[in-house]
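Trainee: after the sequence you'll find the predicted model.
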Amino acid sequence: MSTKKRATPGIEMRHRRGCPAGADQEAACRCQPTYRAWAFDARAGKKVRRSFPTLAAAKAWRSDAVGDVRRGKLRAVAPVTLRQAADAWLAGAKDGQIRNRSGDIYKPSALRGYEQALEQRILTPLGGRRLHEIARVDVQDLADRLLAKGLDPSTIRNALMPLRAIFRRALARGEVAVNPTTGLELPAVRGRRDRIVAPEQAAKLLDALPESERALWATAFYAGLRLGELRALRFEDVDLASGVLRVERSWDQEAGPVKPKSRAGRRTVPIPAALRELLVEHKLRTGRRDGLIFGRSSAEPFSPSTASDRAGKAWEAANARAKKEHRNETLEPITLHEARHTFASLMIAAGVNAKALSSYLGHSSISITFDRYGHLMPGNEDEAAALLDAYLERANTAARLAQIESAASASE
């Protein structure tokens, strides 16, 4: 280690506390120094400073920064802590100024999750640090500590999501030189596949429900709406004559009716005959012509826990009757979310193509549909082999016919 600070324009070597070279330039360095580079912002009359672990990184940044400041792409800003940046980010996201990567407004439920993750996992260890001083190793250490505490890998990734969003915006605004949330080594998330049921089992689950509950669960089974979409569905959204229902909004527990999860969430879904009959019966039973279809009233949505409790009791009673009558039938309870997955499996089994299914489910891209339901789609293993064999057989037959025709032409 050099005993002197090298005079590099716009870059300062910074020694650790207690290192002799920090007080005496001639003394031998006994630490691993960092390098602080700067570029002068004439508009603000301030320097833009960034710290780096190596001199090469500091030089590379300063080389770009000088030009970026001149072009207005980088500017001097007052140093803020992560907590201050988080407060500002949340405020901007809540009023719609800050949007997600798709350009959509953040859902209130998503922002509540972000706020909770920041308070519970992020801001206590890192909130007092200045934004530009947080390095990748700091975030990696945090992730490692969360894993050591026994947190689930998906919980760790979700906890870091608001931090990623904050630094993504800070990087775009030139407030940080690097995004410390990129390149992290995180534990793998081994997601489990949600339970789905066969068509006959879905029908038995519906038949065991009280008549007042069947339309709700049938809409989950046969239209695939999310829980919030079920709670917000109105009679005016359902066109029984045309056989379609329109998903125009969702219901947030605190904010009430909100826009769907994404632009793709606003969609039209076909109504099969099995669902149409139950919706007609439900409309006649309630006597309503507008407002919420499944709500406690036309304006108050149903309680998810109450709906699940009523269904669970009905299925439990059906199992008790089957046992008493010595019938070997057992209804395994299902959730409304699992009923949505069952809808996807039924559509796939019926031969609906992936693009249409993606639209009906309200997925923002077809890749989400393939990732989630690809294992259910035809064309796997034996079927794929059979399709290839059939293609090769057709190709070989065509080649043999061409040879026969060629030989016949030559003999004439």
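Mentor: Perfect, thanks for sending it.

Trainee: just give me the longest helix of the chain.
Mentor: helix 381-411 (DSSP state H).

Trainee: show me what that one packs onto, helices and strands only.
Mentor: Where contact means 3 or more Cβ pairs under 8 Å, 6 or more residues apart in numbering; DSSP states H and E, helix 381-411 is not packed against any helix or strand. (C-beta placed from N, C-alpha, C; glycine too.)

Trainee: over that helix, what's the mean pLDDT, rounded is fine.
Mentor: Helix 381-411 shows an average pLDDT of 73 in the prediction.

Trainee: and stretch 262-273, by the same measure?
Mentor: 90.

Trainee: quick thing: my sequence starts at 35, can you match it?
Mentor: All set: I'll call the first residue 35, so the last point we hit is now stretch 296-307.

Trainee: what residues of that stretch count as buried?
Mentor: Neighbour counts over stretch 296-307 (16 or more other Cβ atoms under 10 Å) mark 296, 298-299, 301, 303-306 as buried.

Trainee: same check, this time on stretch 160-178
Mentor: 160-161, 165-166, 168-169, 173-174, 176-177.

Trainee: host element of residue 188?
Mentor: For residue 188, the host element (DSSP states H and E) is helix 187-206.

Trainee: and that helix, how far out from the chain middle?
Mentor: Helix 187-206 sits 12 Å away from the centroid of its parent chain (Cα atoms, centre = their mean, to the nearest Å).

Trainee: list the buried ones in it?
Mentor: Using 16+ other Cβ under 10 Å as the burial criterion, the residues of helix 187-206 that qualify are 187, 189-194, 196-205.

Trainee: go on, stretch 434-444?
Mentor: Under the neighbour-count rule, stretch 434-444 has none buried (16+ other Cβ under 10 Å).

Trainee: okay, that stretch in CSV with CA atoms only?
Mentor: Output of stretch 434-444 as CSV, limited to C-alpha atoms (Å, rounded to 0.1, in the frame of the first residue of the first chain):
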residue,chain,number,x,y,z
ARG,A,434,-41.3,-40.9,-50.8
LEU,A,435,-44.1,-39.6,-53.0
ALA,A,436,-41.7,-37.1,-54.6
GLN,A,437,-39.3,-39.9,-55.4
ILE,A,438,-42.0,-42.0,-57.0
GLU,A,439,-43.2,-39.1,-59.1
SER,A,440,-39.6,-38.3,-60.1
ALA,A,441,-39.0,-42.0,-61.1
ALA,A,442,-42.2,-42.1,-63.1
SER,A,443,-41.3,-38.9,-65.0
ALA,A,444,-37.9,-40.3,-65.9
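
Trainee: now the one helix or strand residue 70 maps to: buried residues?
Mentor: Residue 70 is part of strand 68-75, with elements assigned from DSSP H and E. Neighbour counts using 16+ other Cβ under 10 Å place 68-73, 75 of strand 68-75 among the buried residues.

Trainee: turn these into CSV, columns for pLDDT.
Mentor: Converted to CSV, the buried residues of strand 68-75 look like this (pLDDT from 0 to 100):
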residue, pLDDT
68, 89
69, 90
70, 89
71, 91
72, 89
73, 90
75, 87
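
Trainee: got those residues as JSON lines, with distance to residue 335 columns?
Mentor: As requested, these are exported to JSON lines (distance: Cβ to Cβ, whole Å):
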{"residue": "68", "distance to residue 335": "55"}
{"residue": "69", "distance to residue 335": "57"}
{"residue": "70", "distance to residue 335": "55"}
{"residue": "71", "distance to residue 335": "55"}
{"residue": "72", "distance to residue 335": "56"}
{"residue": "73", "distance to residue 335": "54"}
{"residue": "75", "distance to residue 335": "52"}
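
Trainee: residue 367: which of the residues you listed is nearest?
Mentor: Nearest to residue 367 among these: residue 68, at 57.6 Å, using Cβ to Cβ.

Trainee: count of residues packed around residue 372?
Mentor: Counted with other Cβ atoms under 10 Å, the neighbours of residue 372 add up to 16.

Trainee: check for me that it belongs to a strand.
Mentor: No: counting by DSSP: H, G, I helix; E, B strand; the rest coil, one finds residue 372 to be helix, located in no strand.

Trainee: pLDDT score for it?
Mentor: 94.

Trainee: measure the residue nearest to residue 130 when sequence neighbours are not counted to residue 205 for me?
Mentor: Nearest non-adjacent residue to residue 130, counting by Cβ to Cβ, 6 or more residues apart in numbering: residue 139, 5.0 Å away. Note on residue 139: its distance to residue 205, by Cβ to Cβ, to the nearest Å, is 21 Å.

Trainee: what of residue 131?
Mentor: When distance is defined by Cβ to Cβ, residue 131 is 17 Å away from residue 205.
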